[in-house]
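In: the sequence and its predicted three-dimensional model are supplied below.
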Amino acid sequence: MTKPIYVLNGPNLNLLGLRQPEIYGHETLADVAAQLAALADQLQVQVHCAQSNHEGQLVDWIQEARQSAAGIIINPGAYSHTSVAILDALNAFEGPVLEVHISNIHKREAFRHHSFVSSRAEGVIAGFGTEGYALALRRMVSLLAA
Ligand code: CA2
């Protein structure tokens, strides 16, 4: 497999490990990226991790992925619940998409129960903490190998 798997994180996820550990845990986004890089080595794939607080930047990266990525793992953060633009961009991407939420969005406020991205994603992981990213990477590798 030559193209990397994009791991995209949306708004406020740069604060991971720094605030609200009771919801999002103690690991930072840099910790998660390092774990994914190690797992990717083991699975003999490449990952490219990026985070933005800006919807348009996420749309740009998803468009870039059309040429440059084998698959997309995305935690769109709060944009999950609001962004038709991110959904449209993902719909224009031909490879597999997996959606990750650190918290169980279904156990939280009603406005978090719907995600626009879920209608495009091959699978959704929610409530597994930051371990969800590694689970998604393993699943992505299976999907790409199938
Ligand atoms: O559970 C998730 O991963 C979420 O995508 C996280 C989003 C939230 O809006 C979604 O409903 C569920 C929020 C990300 C905020 O991340 C923070 C991390 C640490 C401290 C403060 C915010």
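Out: Received it, and whenever you're ready, just let me know what you need. Numbers count the residues shown, from 1 in each chain.
In: and this protein, which residues reach the ligand?
Out: By the rule CB under 6 Å from any ligand atom, the part of the chain lying against the ligand is 12-13, 15-16, 19-20, 24, 75, 77-78, 80, 101-103, 105, 112. Glycine gets a C-beta too; all of them are placed from N, C-alpha and C.
In: and the furthest pair within those?
Out: The most widely separated members of the residues of the chain next to the ligand, counting by CB to CB, are Arg19 and Ser80 (19.0 Å).
In: contacts for the helix or strand of the chain with the lowest mean pLDDT?
Out: Lowest on mean pLDDT, DSSP states H and E among the helices and strands of the chain sits helix 21-24, with a mean of 88. The contact list for helix 21-24 (CB atoms under 8 Å, 6 or more residues apart in numbering) reads 16-17, 102-103, 129-130.
In: which of these has the weakest pLDDT?
Out: Lowest pLDDT among those: Gly17, with 93.
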